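here is my input, please return the structure:
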Amino acid sequence: MIHKKTWSTPVIGEERRTVPCALCGGGQFIPSLSCEHFSYVQCTVCGLVQMNPQPLTAEVERRYREWHGDDYLAYQLRNEAIFFDLQKRALADANFDLLEQNLMKRMDRPPAVLDAGCATGAMLAFLKDRGWQVTGVEISPSAEYAQKERELDIRRQSLEDCHFSSESFDLVLASHLIEHLNNPGTFIAEAWRVLRPGACLMVTTPNIDGFQARLFGSRWRSAIFDHLYLFSKRTLTAMLTSQGFITEGVFTWGGLAAGTAPLPLKQFADKAAKALGLGDVMLVKARKKN
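As a prediction, this is how the structure comes out:
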């Protein structure tokens, strides 16, 4: 069975250190997934799967700023249409159109959206055309493409370093970002701070409880060097709850990756995984309490 992992760039020689669990703060772990040149452990208290020891934050940021250059941008642009289509499907599952309609009706200004980890800016350009006030955060060189080619407001810093005003956004999107962060809880806390009361955060990330993860184990396409955390629905919703969010829905999709099975089997697996909540990727929709 052919199974190709997501794009990743292993870096040899990065400084690493053992860190407490990002969810519960515990320090007891058991082996989880053993991959080439790296491995994951699972917290014995809360079950969060994480790379540990993990590279320092400065090492990770340097990787994205310097190592993820032209090759990564070319990869993103080559697959942009596919990724963007999946993003739109996920937003549809989360009733984005209704959320948008409600915001447009009750506000006398364009609603403000922040896309954290906005890559080439395809989603922001789409939302801008729909009447949103858009801002992006992206530390990789993809930010320059979004700024120059799409004329978007992109900050090439981490969300925490941007120092946006409190309660300044009506929606925060984070697609395939949180699994890359050393401190996902800090990111969620900052998203909570910059959101207006009652506003939503939508987090998209691989689902380690999904069918593909269970089938492939260490060969799972999302078990890659760049992913510091692998969330389940339970661990991600627990982290969101710990930072003051109310989970409104969890949506998953993807049963088998293209090329891993004949098309009829893939189509059946995709439908079954979605119906059972065992999709390869999940979107968690959470709301900041009023």
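
let me know the pLDDT of Met1.
At Met1 the predicted local distance difference test score is 45.

looking at this, Ala269 is in a strand?
No - secondary structure of Ala269 (DSSP: H, G, I helix; E, B strand; the rest coil): helix, not part of a strand.

the nearest residue to it once chain neighbours are set aside: neighbour count?
In this structure, Ala269 finds its nearest non-sequential neighbour in Gly255, 3.1 Å apart by Cβ to Cβ, 6 or more residues apart in numbering. To be clear about C-beta, it is placed using only N, CA and C from the backbone, and glycine gets the same treatment. Gly255 sits with 26 neighbouring residues when counted by other Cβ atoms under 10 Å.

same deal with the one 4 residues further on?
Close neighbours of Gly259, defined as other Cβ under 10 Å, add up to 10.

what's the answer for Leu23, then?
Here the count is done by other Cβ under 10 Å, and Leu23 has 22 residues near it.

quick check: mean pLDDT of stretch 245-263?
Across stretch 245-263, the per-residue pLDDT values average to 92.

can you give me the buried ones in that stretch?
If you call a residue buried by 16 or more other Cβ atoms under 10 Å, then stretch 245-263 has these buried ones: 245, 250-257, 260-261.

do stretch 147-158 as well
147, 150, 152, 154-156, 158.

make TSV out of those and add secondary structure, pLDDT and distance to Ala90.
Supplementary listing: these in TSV, determined by DSSP: H, G, I helix; E, B strand; the rest coil; pLDDT from 0 to 100; distance: Cβ to Cβ, whole Å:
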residue	secondary structure	pLDDT	distance to Ala90
Gln147	helix	95	25
Arg150	helix	95	21
Leu152	coil	97	21
Ile154	strand	97	22
Arg155	strand	96	24
Arg156	coil	94	25
Ser158	coil	94	23
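
the residues you listed into TSV, with extra columns for distance to Arg78?
As requested, these are arranged in TSV below (distance: Cβ to Cβ, whole Å):
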residue	distance to Arg78
Gln147	20
Arg150	17
Leu152	20
Ile154	20
Arg155	25
Arg156	22
Ser158	26
